[in-house]
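In: What follows is a protein structure lacking sequence information:
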């Protein structure tokens, strides 16, 4: 009995240690911090768009712009990442493209918010058609928006790794030219080998964990999960996929369930996936 209690305590401690080691700033938390910083910065600097407004109104004005803009930018980037031709483009090009598309979609909303807060009288002075006014509105913010979105993506872009040269036969003993995972493998650095442990979504980026390490690549999580349907693994969370044969154990901690993977990685299991994970592990055993 004491041995079992000691083992349970060791498992719990292992879980706590791994979770502390793995804890970090997720993409959406990062975007939230960026939003707060932008709102405070724009309120303090008071660009011409909010000129004449009081401090509280300035903050409300920029909040009404920044939060919807970031949500739209992130959503657009994720959506475009699902398009095969777009996902094949370099990371920086994808960021520029998503920012431009989001700016086009954001322009009508921005013009409406400007009008709600009194806006820039110059809009009324321009006269002409609605399309002309939209073009004027778009011209006011598209360059700053693209610049800010690029800066927000910069940390991930700098950490991106490419597959580099074609894997040798030693790295991939039985290469199959018809492998439907060829595109995914081509993005994963050769140094990581080909034994997957887990995949984690970071916006439209993909964190790939193998038995040899991990890397951030430019690939859609949804597409990767679809490609891996026939493999010995499963999705356990909206942002995580695991290889079943790489699970060390499944532990509960403070009402939450985590997969502890070989190598020390810990990933949360969503409630909706817990039964399926339990059944899948039973089949593996």
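Out: Everything's here; your move. Just so we're clear, the structure is a prediction, and the values are computed from it rather than from any experiment. Numbers count the residues shown, from 1 in each chain.

In: Mind jotting down where the strands sit in the stretch 101-250 of the chain?
Out: 196-202, 205-210, 213-218, 233-237, 240-243, 247-253 (DSSP state E, counting those that start in this stretch).

In: Now do the same contact list for residue 100.
Out: 142, 146 (CB atoms under 8 Å, 6 or more residues apart in numbering). C-betas here are computed from N, CA, C, even on glycine.

In: follow-up on the earlier one: quick one: which of the strands of the stretch 101-250 of the chain is nearest residue 80?
Out: With CB to CB, the closest approach to residue 80 among those belongs to strand 213-218: 11.6 Å.

In: Rebuild the strands of the stretch 101-250 of the chain as CSV, extending it with mean neighbour count and distance to residue 154.
Out: Formatted as CSV, those follow (neighbours: other CB atoms under 10 Å; distance: least, CB to CB, whole Å):
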stretch, mean neighbour count, distance to residue 154
strand 196-202, 23, 14
strand 205-210, 22, 12
strand 213-218, 19, 13
strand 233-237, 21, 27
strand 240-243, 23, 25
strand 247-253, 16, 34
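
In: Let me have those strands in JSON lines, extended by distance to residue 52 and mean pLDDT.
Out: JSON lines is the format used below for these (distance: least, CB to CB, whole Å; pLDDT from 0 to 100):
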{"stretch": "strand 196-202", "distance to residue 52": "40", "mean pLDDT": "91"}
{"stretch": "strand 205-210", "distance to residue 52": "41", "mean pLDDT": "91"}
{"stretch": "strand 213-218", "distance to residue 52": "43", "mean pLDDT": "88"}
{"stretch": "strand 233-237", "distance to residue 52": "47", "mean pLDDT": "93"}
{"stretch": "strand 240-243", "distance to residue 52": "48", "mean pLDDT": "94"}
{"stretch": "strand 247-253", "distance to residue 52": "53", "mean pLDDT": "90"}
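
In: Now tabulate these in CSV and tack on distance to residue 141.
Out: Below are these laid out as CSV (distance: least, CB to CB, whole Å):
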stretch, distance to residue 141
strand 196-202, 26
strand 205-210, 25
strand 213-218, 26
strand 233-237, 35
strand 240-243, 35
strand 247-253, 45
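
In: Now do the longest helix along the chain and strand 196-202, the angle between them.
Out: In the chain, taking DSSP state H as the definition, the longest helix is helix 130-159. Interaxial angle of helix 130-159 relative to strand 196-202 (axes from the mean of the first three to the mean of the last three CA atoms, to 10 degrees): 150 degrees.

In: Now helix 130-159: buried residues?
Out: 133-134, 136-138, 140-142, 145-146, 148-149, 152-153, 156-157 (16 or more other CB atoms under 10 Å).

In: And stretch 269-285, by the same measure?
Out: Buried residues in stretch 269-285, counted by 16+ other CB under 10 Å: 269, 273, 277, 280, 281.

In: Enumerate every residue touching the second one.
Out: When contacts are counted by CB under 8 Å, 6+ apart, residue 273 is found next to 234, 235, 236, 237.

In: Just the closest of the buried residues of stretch 269-285 to residue 228, please.
Out: Proximity of the buried residues of stretch 269-285 to residue 228 (CB to CB) peaks at residue 280, which lies at 13.3 Å.

In: Now the closest one: which helix or strand?
Out: Using DSSP states H and E, the element containing residue 280 is helix 271-284.

In: ditto for residue 41
Out: Going by DSSP H and E, residue 41 is part of helix 27-45.

In: Quick check: next helix or strand after that helix?
Out: By DSSP H and E, the next helix or strand past helix 27-45 is helix 55-81.

In: Could you name the helices and strands sitting against that next one?
Out: helix 27-45, helix 84-87, helix 91-116, helix 130-159 (3 or more CB pairs under 8 Å, 6 or more residues apart in numbering; DSSP states H and E).
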